[in-house]
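J.: Have a look at this prediction, sequence included:
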Amino acid sequence: VVIFMNIKLIQIKKIINKNGLISVIETNSKTCPFDIKRIFNVYASKGDIRGDHAHKTCIQMLICTSGKVEINCIDGNKKSTFVLDNPFKALLLKPMVWAKQKYLANKSILTVICNQMYDEKDYIRNFEEYITLKKEIKI
């Protein structure tokens, strides 16, 4: 389901066999439309807030591998909220989407897949600066 141009909810391929389930993400596929450069996990407890920033050029895919996480997104004009609660759906965030994660369950794990290595210069951590940049580049 595409919500707006820079945010997309994606179903992750599920393989079921007698020994359990496997979730599959492949680079440059319908699941992950970019080359993977970095993967990290965020471990948090119920009520924790993470993110609360945007990226200038980085594309991210967020997957709740355990627990439950609410993702609040702003594209500069529209606001949307998503709840991730299983490893078979992901939220694709293109550049210039402000995202804030609220952890809804203890021992939640959010896996983040990126198309770039970490670069602090890519982060926009001030919301007013983000709104100004969005107006300037008209994304």
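T.: Done, it's in. Values in this document were obtained by computation on a predicted structure and should not be read as measured data. Numbers count the residues shown, from 1 in each chain.

J.: tell me the helices in the protein, going along the chain?
T.: 127-137 (DSSP state H).

J.: Can you list the residue ranges for strands in it?
T.: Counting by DSSP state E, the chain has strands at residues 2-4, 7-11, 13-17, 20-24, 38-44, 49-55, 60-66, 69-74, 79-84, 89-93, 98-103, 108-114, 123-124.

J.: among the ones you listed, which is the most enclosed?
T.: Most buried of the strands of the chain, by mean neighbour count (mean count of other C-beta atoms under 10 Å): strand 89-93, with a mean of 22. Just so you know, the C-beta spots here come from the backbone N, C-alpha and C atoms, and that holds for glycine as well.

J.: Need the residues that contact that one.
T.: Contact partners of strand 89-93, identified using C-beta atoms under 8 Å, 6 or more residues apart in numbering, comprise 6-12, 25, 31, 33, 55, 59-63, 71, 73, 82, 84, 99.

J.: still on that earlier bit, can I get the strands of the chain in JSON lines including distance to L133?
T.: Below are the strands of the chain laid out as JSON lines (distance: least, C-beta to C-beta, whole Å):
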{"stretch": "strand 2-4", "distance to L133": "18"}
{"stretch": "strand 7-11", "distance to L133": "17"}
{"stretch": "strand 13-17", "distance to L133": "35"}
{"stretch": "strand 20-24", "distance to L133": "34"}
{"stretch": "strand 38-44", "distance to L133": "23"}
{"stretch": "strand 49-55", "distance to L133": "8"}
{"stretch": "strand 60-66", "distance to L133": "17"}
{"stretch": "strand 69-74", "distance to L133": "13"}
{"stretch": "strand 79-84", "distance to L133": "17"}
{"stretch": "strand 89-93", "distance to L133": "16"}
{"stretch": "strand 98-103", "distance to L133": "11"}
{"stretch": "strand 108-114", "distance to L133": "20"}
{"stretch": "strand 123-124", "distance to L133": "7"}
